[in-house]
Each structure stands twice: as C-alpha cells, then as structure tokens.
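Participant: predicted model and sequence below, questions to follow.
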Amino acid sequence: MRFEIQEGVIVFPKSTKSERMKSNMNIFDFTLTDDEMNEIRALDKGYGIHNPDNEGVAEYLLSNYDIHKDD
C-alpha cells in the first residue's frame, strides 16, 4: 500500500481482521526510497493481476461470459 500511496493511487483496503486494519494504517510513518520504488515498478509486466496470454485464459473467458448478450 505504501507504494501505491506514493504513486498517487487511491487505495481502498478491505479487511475484516483488526490486526490487518492496524497494519494498513501503519504506512504513513515512512517512505520508500527512489530505488525501492523503481524496483517495485520493475515488477509490473503490464498484465494486472491476471496474464491474459496464459494458456486457456481466452477460452475460459469466451466460454463463461457472453460479451454479445445485449446486442
């Protein structure tokens, strides 16, 4: 979350566990260095959470979601 805050992203953390809620609030007493930020940015492969190029993903999506339903 600290990375996202420093990137200017609005974060909506979701947790029902009180310990996790407390740890989510403990991101404002430090900052990541430029090197740390760049290392985290380098992890991005441009796919978001899921890689659409993985085998079977396209077939799964096409068979489970009717994108032309309202046409």
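Facilitator: Thanks, I have it.
Participant: pLDDT below threshold where in the protein?
Facilitator: 49, 67-71 (pLDDT under 70).
Participant: do a quick rundown of the helices in it.
Facilitator: Secondary structure of the chain (DSSP state H): helices at 2-7, 18-25, 34-42, 57-64.
Participant: and stretch 21-34, how far apart are its ends?
Facilitator: 27 Å (Cα to Cα, to the nearest Å).
Participant: again, but for stretch 8-18
Facilitator: Start-to-end, stretch 8-18 (Cα to Cα) is 25 Å.
Participant: contacts for it next, please.
Facilitator: Residues outside stretch 8-18 that contact it (Cβ atoms under 8 Å, 6 or more residues apart in numbering): Met1, Glu4, Ile5, Met21, Asn24. For every residue, glycine as well, the C-beta is placed using N, CA and C.
Participant: pull the number of nearby residues for the last one.
Facilitator: Same thing as Asn24. 13 (other Cβ atoms under 10 Å).
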